[in-house]
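1. what follows is a protein structure lacking sequence information:
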């Protein structure tokens, strides 16, 4: 295949770069998402140089393996993936093509950020007619900064494996992240107490961890199945079902068809909120905690009619 040929060509370029970092060099960290890059920067601080393979407004489900990814990962000291099958369509291909064994699963330079996280929406079985279902559960756990603490621990452990001389520094930064995320999320939960159980419709199962944390109730999705675009008949059925309901808003991601979200929201007379799905997708969403705050503020403003 052409892609495989290109990957092998890139592999030849990358072989010489898979080296052990010197004591004074920054660690080269590659992540699959900007959320994980932000966590790596928070924990690694001045000791890391971090690069995300996906951009803020890219859906990490659907990236293509490229020669550049092989080169980037091949020269990395640490590779961090989201897990829960988020990148199953491209990361295995890239890792197969790199000779940097350290960053392959099981190597000291590989981190599955989802390790130890209790996923939601884990299916009892997976069938083709269920849509784009993740066997391990919903992969978007970084939308909840407290749940993401386990991902931060996994990243800290990975950094310590490849640079044990900075272990105390990484642990200190991890403690600071945990303390800050606990405080910020607790303050927002207090603000949402008056709206506990408020009903929302989503487009795709992206913000579910965050909505659960805020105490909101997801009653339906515009997608009939995960990853399947809604038909006109499905949209009409949603509108008929929820026109006179207590639904407070429709929530969606910017990379889906906003015309459909607008159609549903307008028909049932509620706001449409296009939230920030990843770090960097909105100007103020500079890290995982700020991402949570930006989205929480938008939801709270809508609930309060602002």
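-> Noted; the coordinates are in hand. Just so you know, these numbers come straight off a predicted model, no measurement behind them.
2. quick one: stretch 282-293 to chain centroid distance?
-> Mean C-alpha position of stretch 282-293 versus that of the full chain (Cα atoms, centre = their mean, to the nearest Å) differs by 13 Å.
3. so which bits of that stretch are buried?
-> 282, 285, 287, 288, 289, 290, 291, 292, 293 (16 or more other Cβ atoms under 10 Å). All C-beta atoms are positioned from the backbone trio N, CA, C, and that covers glycine.
4. those in helices, which ones?
-> Under the assignment DSSP state H, the buried residues of stretch 282-293 contribute 288, 289, 290, 291, 292, 293 to helices.
5. check contacts around the nearest residue to residue 282 once chain neighbours are set aside.
-> Distances taken as Cβ to Cβ, 6 or more residues apart in numbering put residue 276 closest to residue 282, at 3.9 Å, once the chain neighbours are dropped. Contacts for residue 276 (Cβ atoms under 8 Å, 6 or more residues apart in numbering) come out as 282, 285, 291, 294, 295.
6. surely residue 251 touches residue 205?
-> No: applying Cβ atoms under 8 Å, one finds residue 251 not in contact with residue 205, separated by 10.9 Å.
7. who's more crowded, those two?
-> residue 251 (29 against 21; other Cβ atoms under 10 Å).
8. that one in helix, strand or coil?
-> strand (DSSP: H, G, I helix; E, B strand; the rest coil).
9. check which helix or strand residue 187 maps to.
-> helix 167-192 (DSSP states H and E).
10. I should have written residue 30 there, sorry.
-> Using DSSP H and E, residue 30 falls in strand 27-31.
11. show me where the stretch 151-300 of the chain has its strands.
-> 199-202, 217-221, 247-252, 272-274 (DSSP state E, counting those that start in this stretch).
12. can you put the ones you listed in CSV and add distance to residue 192 and mean pLDDT?
-> Putting these into CSV (distance: least, Cβ to Cβ, whole Å; pLDDT from 0 to 100) gives the following:
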stretch, distance to residue 192, mean pLDDT
strand 199-202, 12, 98
strand 217-221, 12, 97
strand 247-252, 12, 98
strand 272-274, 15, 98
